[in-house]
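J.: Structure of the sequence below:
(chains A and B)
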Amino acid sequence: EDQVTQSPEALRLQEGESSSLNCSYTVSGLRGLFWYRQDPGKGPEFLFTLYSAGEEKEKERLKATLTKKESFLHITAPKPEDSATYLCAVQGTGRRALTFGSGTRLQVQP
Amino acid sequence: EAGVAQSPRYKIIEKRQSVAFWCNPISGHATLYWYQQILGQGPKLLIQFQNNGVVDDSQLPKDRFSAERLKGVDSTLKIQPAKLEDSAVYLCASSLEGGPYEQYFGPGTRLTVT
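T.: Next up is the predicted model:
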């Protein structure tokens, strides 16, 4: 059974204070690891897909990296508008649907 | 490009009543998913359609939940009868066929069962 664990559950940063969110996973053959952002009252918004260990992707202040056991979402010099819940999900070869973690609630204070 | 549409956005019902949710996916997306998201948790798959056919409904409580996708486009999810523990946000998502392709989510329907 595919499993995803995210840490920390919640993170409070000052504006400009860089940090990383962790996503540990176990999956029977990784087809893809996905990062989503979810704002209160909205559906998850797609950020990145990573396919193999060593891969990295960047978008504005966000950078996602992948190893064989975990993924990190690095946030550089965050702004208050980066405040949201960040969800990690995996798709394994045995199942086409995504298995999500419980998310990290990020709050960036001005 | 229009996103995934869902209605209603909010619904309050009493336990043992029935409720239905509607989803219109992104045009051209053959795969449609229904997820349940309980407060503080990540989305959990209920059912996945590939065009008109069901691909995965292993976590759908079939004694009370049902879903259909007519003509490979719109889909409805029904709960009958509802229980208190069904209170959650019901998310619809769609993606291209094959993959692994990213899934695009609608705004969700927040269901409260009293």
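J.: hey, let's count contacts and neighbours off CA atoms from now on
T.: Fine.
J.: Report how many residues lie close to A:E45.
T.: Using other CA atoms under 10 Å in any protein chain shown, A:E45 is surrounded by 18 other residues.
J.: What's the separation between it and chain B?
T.: 7 Å (CA to the nearest CA, to the nearest Å).
J.: I'd guessed that residue sits against A:A84; true?
T.: No - using CA atoms under 8 Å, A:E45 is not in contact with A:A84, being 10.6 Å away.
J.: Mutual contacts of those two, please.
T.: Contact criterion CA atoms under 8 Å, 6 or more residues apart in numbering or on different chains; residues shared by A:E45 and A:A84: A:37-38.
J.: What residues are bridge-paired with residue 45?
T.: If you meant another chain, say so; for now it's chain A. For A:E45, the beta-bridge partners are A:R37 (DSSP bridges).
J.: I was thinking of chain B, sorry if that wasn't clear
T.: B:Y35.
J.: That one touches B:Q59, doesn't it?
T.: Yes - between B:L45 and B:Q59 a contact is recorded at 6.9 Å, counting by CA under 8 Å.
J.: And the strands in chain B, which stretches?
T.: B:5-7, B:10-13, B:19-24, B:31-37, B:44-50, B:53-56, B:65-69, B:75-79, B:88-95, B:104-105, B:109-113 (DSSP state E).
J.: Check which helices and strands the strand or helix carrying A:Y86 sits against.
T.: Assigning secondary structure by DSSP states H and E places A:Y86 in strand A:84-92. With contacts taken as 3 or more CA pairs under 8 Å, 6 or more residues apart in numbering or on different chains; DSSP states H and E, strand A:84-92 sits against strand A:3-7, strand A:30-38, strand A:99-100, strand A:104-109.
J.: just the residues of chain B that are near chain A, which are they?
T.: B:40-45, B:48, B:56, B:91, B:100, B:102-108 (CA under 8 Å from any CA of the partner chain).
J.: give me the low-pLDDT residue ranges for chain A?
T.: A:94-95 (pLDDT under 70).
J.: what does it have sitting close to chain B?
T.: So chain A meets chain B at A:31-32, A:34, A:41-46, A:49, A:87, A:91, A:96-103 (CA under 8 Å from any CA).
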